[in-house]
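Engineer: Give me a 3D structure for the following:
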Amino acid sequence: MILTACGAASAQTPGPWKTDSATMGASYAKDVYRKLDNNYSDTAAGSNWTLAFQMIPQGGPSSNVAIFANQVRQNVMVYSLHYSASAKFATLTAADTVGRTTQPLYNSIETWATGALNQMADPTNGFDYGWGSYNMTSHNVVGDSLYLLKTGSGDYKLWVQKYIASPVDSIRYEFRIAKFDGTGDQTVKIYRKNGFANAMFGYYNAADGTMINREPARNNWELLFTRYYELATRGPVTAMYPVMGVLQNVGVSVAKVINADANAAAVGYAAKTYSNKISEIGSDWKSQPTDPVTGAPAGPWMADTTKNYLVKSTISGKYYQLVFTGFGGTTTGKSSYKFRELGTIPQSVSNVAEAVTAFLLAPNPSAGETQMMLDVKQGGMARMIVTDAMGRTIQNNPLNLNAGLNGYQISLGNAAPGTYFVTVTNGSWSKTAQLLIQK
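Structural biologist: Here you go, the predicted model:
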């Protein structure tokens, strides 16, 4: 059925080309959000926020506790000082930062689940989110990491204390922030219910202590024209540089096809390999000639019309083809493009996200005591079944799951060393992970 549906999608006749543009203004002052099917456009000032706290509900696609920094417009550089915030926040001095501000942390351009403050997470521990760790008892994320924020308007010390996961009316982040000299010390609570329930992020501006709702609803945009840092080579130097580029929303994937013939590039579009990397369109669809000696700009910006971007949007349920046709650079911040609808996504392909969006065991291997974390879309009763390599049941326990993050302790202290399998099921879905016990 899936193969038939994909074939049907490929056979659809593309719609007519449409021309459009996104104008960020001089020096790229604004972010521009676009939705292709209805030409929806929204803009937001780019310089009025310092930190962005992810507000996608736990249990949903790409849900996480990501915290991004405004690294280009407010020049926010994030440094982990590797101190306990509870012990050092109030007494931090300049001497304490010596040698600890050489490696800034950058927002990911791979996923919306990893901001600058998530970069120190242990990749082998799914309970670690960088700024904090999942607490098995409270089911919240609790932090004790001390950060230094260097911004264009001054330096701040930051302690993200917790993320409260439930109940719905209480979902929030709590963080303590002060200027580096200790003035303006305050604890801030940013609630998801206060205007951010349908947004990807809730925003905080350190300069005036305000919280800002600056995004359109998550289901009302597909592409974001913005500024961010990416690793690039300029001359003999490879480093992180600020760029203007296009990022894609959760639920939007992109396949890039290099072909000057746009019709040929669209052939078999439904069978292409689509990437969820949020910067798959990115910044390299444009270029500017430079002086070979000085490296200074030596001509106008040009768009590469051989780069065809096939966009698969589960937001609108459609495939599109996008080709950039012009770029105005820092003078206007205008990106010109043409696009057309290629077809609709078959229901069998654009089905809903899995019921379980995260399932892991840590530590693994273990000596018999391990923790299990699940992120589920809907709560309810389930069972956890532990079996050995011979299929014999070691444990069979009921679980009462909450929508979102769930954590449980698994105790197999009396089990012999070997391979075991932990299965969680509610009858309509089942997830299994392998656990290795070593003593």
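Engineer: Nearest the geometric middle of this protein, what residue?
Structural biologist: Centroid check for the chain by Cα atoms, centre = their mean gives residue 112 as the closest residue, at 0.8 Å.
Engineer: quick one: that residue and residue 55 touch, right?
Structural biologist: No - shown here, residue 112 and residue 55 do not form a contact pair, counting by Cβ atoms under 8 Å, at 10.9 Å. Using the backbone N, CA and C atoms, a C-beta is placed for each residue, glycine as well.
Engineer: Identify the contacts common to the two.
Structural biologist: Taking Cβ atoms under 8 Å, 6 or more residues apart in numbering as the criterion, residue 112 and residue 55 both touch residue 200.
Engineer: quick revisit: check the secondary structure at the residue nearest to the centre of the chain for me.
Structural biologist: Following DSSP: H, G, I helix; E, B strand; the rest coil, residue 112 is assigned to coil.
Engineer: now it: how far from residue 313?
Structural biologist: Relative to residue 313, residue 112 is positioned 16 Å away (Cβ to Cβ, to the nearest Å).
Engineer: is it fair to say residue 27 lies in a helix?
Structural biologist: Yes - counting by three-state DSSP, one finds residue 27 located in a helix.
Engineer: Give me the distance between it and residue 410.
Structural biologist: In terms of Cβ to Cβ, residue 27 sits 54 Å off from residue 410.
Engineer: Pick out whichever of those two has more residues nearby.
Structural biologist: Using other Cβ atoms under 10 Å, the more surrounded residue of residue 27 and residue 410 is residue 410, with 19 against 16.
Engineer: Quick check, residue 247 in contact with residue 276.
Structural biologist: No - applying Cβ under 8 Å as the test, residue 247 and residue 276 come out as separate, 11.7 Å apart.
Engineer: Looking at these two, which is more packed in?
Structural biologist: residue 247 (20 against 17).
Engineer: Over to the more buried one. Which of the three states is it?
Structural biologist: At residue 247 the chain is in strand, as set by three-state DSSP.
Engineer: partner residues bridging it?
Structural biologist: With DSSP bridges as the criterion, residue 247 is bridged to residue 224.
Engineer: ok, now residue 190?
Structural biologist: Judged by DSSP bridges, the bridge partners of residue 190 are residue 173.
Engineer: Model confidence for it, exactly?
Structural biologist: We have a pLDDT of 97 for residue 190.
Engineer: Okay, it and residue 96: tell me how far apart.
Structural biologist: Residue 190 is 27 Å from residue 96, by Cβ to Cβ.
Engineer: quick one, domains of this structure?
Structural biologist: 2-43+220-344, 47-213, 356-437 (automatic domain parsing).
Engineer: Buried deepest among these, which one?
Structural biologist: Of the domains of the chain, the one with the most neighbours on average (mean count of other Cβ atoms under 10 Å) is domain 47-213, at a mean of 18.
Engineer: Quick one: residues in contact with the helix or strand residue 338 falls within.
Structural biologist: According to DSSP states H and E, residue 338 maps onto strand 334-344. Strand 334-344 has contacts (Cβ under 8 Å, 6+ apart) with 9-10, 12, 14-24, 36-37, 225, 246, 266, 269-270, 286, 303, 310-311, 317-328.
Engineer: Kindly recompute the last result at 6 Å.
Structural biologist: Identification of contacts with strand 334-344 by Cβ atoms under 6 Å, 6 or more residues apart in numbering yields 9, 12, 14-15, 17-19, 21-23, 36, 225, 266, 269, 317-328.
Engineer: How about stretch 202-215?
Structural biologist: With contact meaning Cβ under 6 Å, 6+ apart, stretch 202-215 is reached by 44, 48-53, 55, 153, 156, 190, 195-196, 199.
Engineer: and which of those is nearest residue 101?
Structural biologist: If you rank the contacts of stretch 202-215 by distance to residue 101 using Cβ to Cβ, residue 156 comes first, at 13.1 Å.
Engineer: what's the closest non-adjacent residue to the closest one?
Structural biologist: Among residues not flanking residue 156 along the chain, residue 149 sits closest, at 4.4 Å (Cβ to Cβ, 6 or more residues apart in numbering).
Engineer: Check the secondary structure at that neighbour for me.
Structural biologist: Assignment for residue 149 (three-state DSSP): strand.
Engineer: how close does residue 383 sit to residue 358?
Structural biologist: With Cβ to Cβ as the criterion, residue 383 and residue 358 are 19 Å apart.
Engineer: and the residue nearest to residue 156, what does it touch?
Structural biologist: Residue 149 sits next to 76, 156, 158 when contact means Cβ under 6 Å, 6+ apart.
Engineer: List the ones among those residues that fall in helices.
Structural biologist: Among the contacts of residue 149, none falls in helices (DSSP state H).
Engineer: want to throw those into a markdown table with pLDDT?
Structural biologist: Output for the contacts of residue 149, formatted as a markdown table (pLDDT from 0 to 100):
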| residue | pLDDT |
| --- | --- |
| 76 | 98 |
| 156 | 98 |
| 158 | 98 |
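Engineer: Next step: these restricted to strands.
Structural biologist: For these, the ones inside strands are 156, 158, with DSSP state E as the criterion.
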